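In: Mind folding the following:
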Amino acid sequence: MIILRHLLFFFPDPPTFTSSPQNVTVIEEQNRNLTLNCTVNGSPTPDVKWTKDGIDISENQRINVSEFIGNTSSLTITNIKRGDEGQYRCMANNRVKTTISAPGKLTVNCEYYFSDCIA
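Out: Numbers count the residues shown, from 1 in each chain. I've put the predicted structure just below:
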């Protein structure tokens, strides 16, 4: 009798971004929302967090990071303000490596051309 055993080998892969946050320009106005996305592969599945200008983003009433769905992480900013302007990146980490995405620059222009923006 011959018994065949299937061996499953697990080869860890470092996180690799297949898409990074895009550069976006928006006009500051009430109730304007924006979602930035990044897509990353890796094995084991990486944990993803977001940074703005190199600083970890904390969720609050206006900023929400979605669950990691289908290798995509989303950052949603509601009621965009001038102070949201900056460079956004995803940081993916698994036991193999930590990888940082290319930056996506968010530019926030004033609602009215001749008025001063309030940060």
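In: What sits closest to the residue nearest the centre of the chain if chain neighbours are left out?
Out: The centroid of the chain falls nearest to residue 90 when counting by CA atoms, centre = their mean (4.2 Å). Closest residue in space to residue 90, ignoring its immediate chain neighbours: residue 38 at 3.7 Å, by CB to CB, 6 or more residues apart in numbering. Quick note: C-beta positions are derived from backbone N, CA and C, even for glycine.
In: go on, residue 14?
Out: Distances taken as CB to CB, 6+ apart place residue 97 nearest to residue 14, at 3.7 Å, with adjacent residues excluded.
In: In this structure that neighbour contacts residue 15, no?
Out: Yes - here residue 97 reaches residue 15: they are 6.5 Å apart, a contact under CB atoms under 8 Å.
In: Distance-wise, check residue 83 relative to residue 92.
Out: Distance, residue 83 to residue 92, using CB to CB, to the nearest Å: 26 Å.
In: Which other helices and strands does the helix or strand bottoming out on mean pLDDT in the chain contact?
Out: Ranked by mean pLDDT, DSSP states H and E, the helix or strand of the chain with the weakest confidence is strand 24-27, at a mean of 93. Contact partners of strand 24-27 among helices and strands, from 3 or more CB pairs under 8 Å, 6 or more residues apart in numbering; DSSP states H and E: strand 34-43, strand 104-109.
In: Including distance to residue 55, mean neighbour count and mean pLDDT, could those strands go into TSV?
Out: Formatted as TSV, the helices and strands packed on strand 24-27 follow (distance: least, CB to CB, whole Å; neighbours: other CB atoms under 10 Å; pLDDT from 0 to 100):
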stretch	distance to residue 55	mean neighbour count	mean pLDDT
strand 34-43	16	18	96
strand 104-109	14	17	95
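In: which stretch among those strands comes nearest residue 75?
Out: Of all the helices and strands packed on strand 24-27, strand 34-43 sits nearest to residue 75, with 4.7 Å by CB to CB.
In: what lines up beside that closest one in the sheet?
Out: strand 13-19 (antiparallel), strand 72-77 (antiparallel) (DSSP bridges).
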